[in-house]
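Peer 1: Quick one: sequence plus predicted model below, questions after.
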Number of protein chains: 2
Amino acid sequence: MSDTSHRRERLRERTLTEIKDLARAQLVASGPAGISLRAIARDMGMTAAALYRYVPALDALVIELCTDLHNEARIACEAARDADPDLDPLHRLLVMARELRRWTLAHRPEATLIFGPPLPGVEQFHQQCDDLQCAGAQLGQIFVEPLLELWQAGRLPKVPHVDLDRLAGALPAHGELPIEVTAVFLTSWIRLYGVLAAELFGQLTWAATDTEPLFEAELAAFATQVPPAAPAAATLEESRPQGSPEPASL
Amino acid sequence: MSDTSHRRERLRERTLTEIKDLARAQLVASGPAGISLRAIARDMGMTAAALYRYVPALDALVIELCTDLHNEARIACEAARDADPDLDPLHRLLVMARELRRWTLAHRPEATLIFGPPLPGVEQFHQQCDDLQCAGAQLGQIFVEPLLELWQAGRLPKVPHVDLDRLAGALPAHGELPIEVTAVFLTSWIRLYGVLAAELFGQLTWAATDTEPLFEAELAAFATQVPPAAPAAATLEESRPQGSPEPASL
DNA sequence: TCATTTGAGTGAACGGTGTTTACTTTCGCG
DNA sequence: CGCGAAAGTAAACACCGTTCACTCAAATGA
């Protein structure tokens, strides 16, 4: 009994992934608005109505696609982070940010879907995201971890301009994080998002054709605000003069 | 002849503005994807086909709407800037940035249209924008002017992390601007855009509910990088000690 | 083994969209 | 007044998401 029902389950799952694969192909080919149930069904040799056995509506399919794309971007960043296991927390952040940019520009339609304005029905997805399990939050979360390490090492950059009291009153549940870490994460994440979104949405085409210098400048601006690793710490780095903190190279 | 033909012209123009007004109403009510020629025609008591006497296609209508919205946002910023004629260039920038945020959050669907990813057919609009006459460039341009004044006063912030040589090679025609001014504008514009877009597109809903502290922090971070007005300059400001430059208040 | 239930898939329909084409009406101008 | 251009209409084409009634095969239980 379970044997045969498992068979059906696998078949069903295979069909569902085929649907999602075709949806993504349409996304890549025609952008977020080009995803069409009828076209998917056509490609599968099926009727559009049959797809409703697998997906409650087009919105839900797009939301699922969003989740998959968030995870894909996160996994790409994690892979880049883990490629060199000897990385400083700061350099892990830099490597991950560069990988996120690479992924974004290599997957423009997909990135438009997850970084752009919520389509009707996708707003619901973003509301779902105050749950930490959500894929969107997880993508942000992997950038929090190195910041937390920097904080533990006393190397967290200062954010003298953020009203920490007011910000603390505007945070959702996950309050286990030190407020300074949250503040640094949010300001840095916004800047990273800004340079990526501006690039992705063509907001700078009238002003600059090559935006990589601006991206790298943003990274460098962050890096120079991170104090170097303490000389007395349990690392192998040689000590540096106290006067000119000269941060680590990029 | 010209009298009556003017009459027809005016009628035609009146109909066209009615079309655009209804398009905007739909934009406000249902978002960018909710703009529909058939619905506009329905509201006007006309057939959809009749609209093609006034607009070549839906895309073109959306593009015109984009231009109008860019101009509206720019005019709002200019009005805020000109409300107090005694403003320092730095404070003009701050006032304009705050007004742009206010306009954005007060007109979310409209802002989504001009700051979000180009819809199919709107890409053409952004390509059109390397022409300086374009409304999008003009919106950016009003932020360039105060920066140019700061530069002339020797108060331009440093952007030590931007590769000026590479950036200079990636700029469109308008090269009459000093490269340092361009670099400061681009980095600041990107940061402003980032905080607005992140807020607008709900990218932070999982992390923070009140994003104004982050916006104000971005403004303060910029302001503190602007040196105070030179004491010897032809202003009425009292001189400041050289050691601690203590920038002007926000 | 046979009957039954479950699930997948179909076909048609409803209401919506942008766009084109041919036709009609209206209205200003000479 | 009559002509011609402009405005508007009706119908059609090709899409879209979604629903409903229906068929058919396969898995299940007695």
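Peer 2: Thanks, I have it. Worth saying up front: this structure is predicted, and the values here are computed from it rather than measured.
Peer 1: Determine the longest helix present in chain A.
Peer 2: helix A:2-30 (DSSP state H).
Peer 1: which non-adjacent residue is nearest the residue in chain A that chain B sits nearest to?
Peer 2: Residue of chain A nearest chain B, by Cβ to the nearest Cβ: A:Gly194 (1.6 Å). Every C-beta, even on glycine, is put in place using the N, C-alpha and C of the backbone. Leaving aside its sequence neighbours, A:Gly194 sits nearest to B:Gly194 (Cβ to Cβ, 6 or more residues apart in numbering or on different chains; 1.6 Å).
Peer 1: That neighbour and A:Glu78: what is the separation?
Peer 2: Distance from B:Gly194 to A:Glu78, counting by Cβ to Cβ, to the nearest Å: 23 Å.
Peer 1: does chain B sit close to stretch A:108-127?
Peer 2: Yes - Stretch A:108-127 lies within reach of chain B by Cβ under 8 Å from any Cβ of the partner chain, at A:112, A:115-120, A:123, A:126-127.
Peer 1: State the pLDDT value of A:Ala232.
Peer 2: For A:Ala232, the model assigns a pLDDT of 55.
Peer 1: do the same with A:Ala57
Peer 2: pLDDT, A:Ala57: 96.
Peer 1: on that earlier part again, the residue of chain A closest to chain B: neighbouring residues, count only.
Peer 2: 24 (other Cβ atoms under 10 Å in any protein chain shown).
Peer 1: Please state the backbone phi and psi of the residue nearest the centre of chain A?
Peer 2: Ranked by distance to the mean C-alpha position of chain A (Cα atoms, centre = their mean), the top residue is A:Leu139 at 4.0 Å. Backbone geometry at A:Leu139, expressed as degrees, to the nearest 10, gives phi -60, psi -40.
Peer 1: Hmm, A:His70 and it touching each other?
Peer 2: Yes - counting by Cβ atoms under 8 Å, A:Leu139 sits close enough to A:His70 to count as a contact (5.2 Å).
Peer 1: and the nearest residue to A:Ser36 once chain neighbours are set aside, what does it touch?
Peer 2: Nearest residue to A:Ser36, sequence neighbours excluded (Cβ to Cβ, 6+ apart): A:Gln26, at 6.6 Å. By Cβ atoms under 8 Å, 6 or more residues apart in numbering or on different chains, A:Gln26 lies in contact with A:34-36, A:39-40.
Peer 1: Identify those among those residues that sit within strands.
Peer 2: Residues from the contacts of A:Gln26 lying in strands, with DSSP state E as the criterion: none.
Peer 1: could I get those as TSV with distance to DNA strand C?
Peer 2: What follows is the contacts of A:Gln26, written out as TSV (distance: Cβ to the nearest atom of the strand, whole Å):
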residue	distance to DNA strand C
A:Gly34	14
A:Ile35	15
A:Ser36	10
A:Ala39	13
A:Ile40	12
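Peer 1: Filter the residues you listed down to the ones in helices?
Peer 2: A:39-40.
Peer 1: what about the helices in chain A?
Peer 2: So, for chain A - with DSSP H - the helices run A:2-30, A:37-44, A:48-51, A:58-83, A:89-106, A:108-115, A:123-127, A:135-152, A:164-168, A:179-200, A:212-223.
Peer 1: average pLDDT across the longest one?
Peer 2: Per-residue confidence for helix A:2-30 averages out to 87 on the pLDDT scale.
Peer 1: That one vs helix A:37-44, what angle?
Peer 2: Calculated by axes from the mean of the first three to the mean of the last three Cα atoms, to 10 degrees, helix A:2-30 forms an angle of 110 degrees with helix A:37-44.
Peer 1: try the last one
Peer 2: Relative orientation of helix A:212-223 and helix A:37-44, computed by the same axes, to 10 degrees: 110 degrees.
Peer 1: tell me what helix A:212-223 is packed against?
Peer 2: With contacts taken as 3 or more Cβ pairs under 8 Å, 6 or more residues apart in numbering or on different chains; DSSP states H and E, helix A:212-223 sits against helix A:89-106, helix A:179-200, helix B:164-168, helix B:179-200.
Peer 1: Give me the pLDDT for A:Glu176.
Peer 2: 84.
Peer 1: For chain A, name the helix or strand with the lowest mean pLDDT.
Peer 2: In chain A, no helix or strand scores lower on mean pLDDT, DSSP states H and E than helix A:123-127, which sits at a mean of 72.
Peer 1: mean confidence score for stretch A:78-92?
Peer 2: Per-residue scores along stretch A:78-92 average to 97.
Peer 1: how about A:Thr224, phi and psi?
Peer 2: Main-chain dihedrals, A:Thr224, degrees, to the nearest 10: phi -70, psi -10.
Peer 1: Verify the stated contact: it with B:His161.
Peer 2: Yes - at 7.3 Å, A:Thr224 counts as touching B:His161 under the criterion of Cβ under 8 Å.
Peer 1: And these two? Which one has more around it.
Peer 2: B:His161 (19 against 16).
Peer 1: Model confidence for the residue nearest to A:Gly194, exactly?
Peer 2: For B:Gly194, the predicted pLDDT is 98.
Peer 1: tell me the contacts of it?
Peer 2: A:190-195, A:197-198.
Peer 1: let's see 10 Å
Peer 2: A:189-198, A:218, B:203, B:214, B:218 (Cβ atoms under 10 Å, 6 or more residues apart in numbering or on different chains).
Peer 1: now A:Leu186
Peer 2: A:140, A:159, A:162, A:167, A:171, B:195, B:198, B:204, B:207-208, B:211, B:213-214, B:217.
Peer 1: Next: A:His161.
Peer 2: A:183, A:187, B:213-214, B:216-224, B:250.
Peer 1: now A:Lys20
Peer 2: A:40, A:54-55, A:61, A:64-65, A:68.
Peer 1: same thing but 8 Å
Peer 2: Residues in contact with A:Lys20, defined by Cβ under 8 Å, 6+ apart, are A:61, A:64-65, A:68.
Peer 1: Among the residues of stretch A:108-127 next to chain B, filter down to the buried ones and hand me the PyMOL syntax, if you would.
Peer 2: Of those, the buried ones go into a single PyMOL selection, burial set by 16 or more other Cβ atoms under 10 Å in any protein chain shown:
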select buried, chain A and resi 112+115+116+117+118+119+123+126
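Peer 1: Between the residues of stretch A:108-127 next to chain B, which sits nearest DNA strand C?
Peer 2: A:Pro120 (13.1 Å; Cβ to the nearest atom of the strand).
Peer 1: Isn't the closest one up against B:Pro32?
Peer 2: No - the pair A:Pro120 / B:Pro32 is not scored as a contact, 9.9 Å apart, by Cβ under 8 Å.
Peer 1: returning to what we had before: just give me the closest of the contacts of A:Lys20 to DNA strand C.
Peer 2: A:Leu61 (14.7 Å).
Peer 1: Please verify my assumption that that closest one contacts A:Asp68.
Peer 2: No - if you go by Cβ under 8 Å, A:Leu61 and A:Asp68 don't touch, sitting 10.6 Å apart.
Peer 1: Counting neighbours, go ahead and name the busier of these two.
Peer 2: A:Leu61 (21 against 17).
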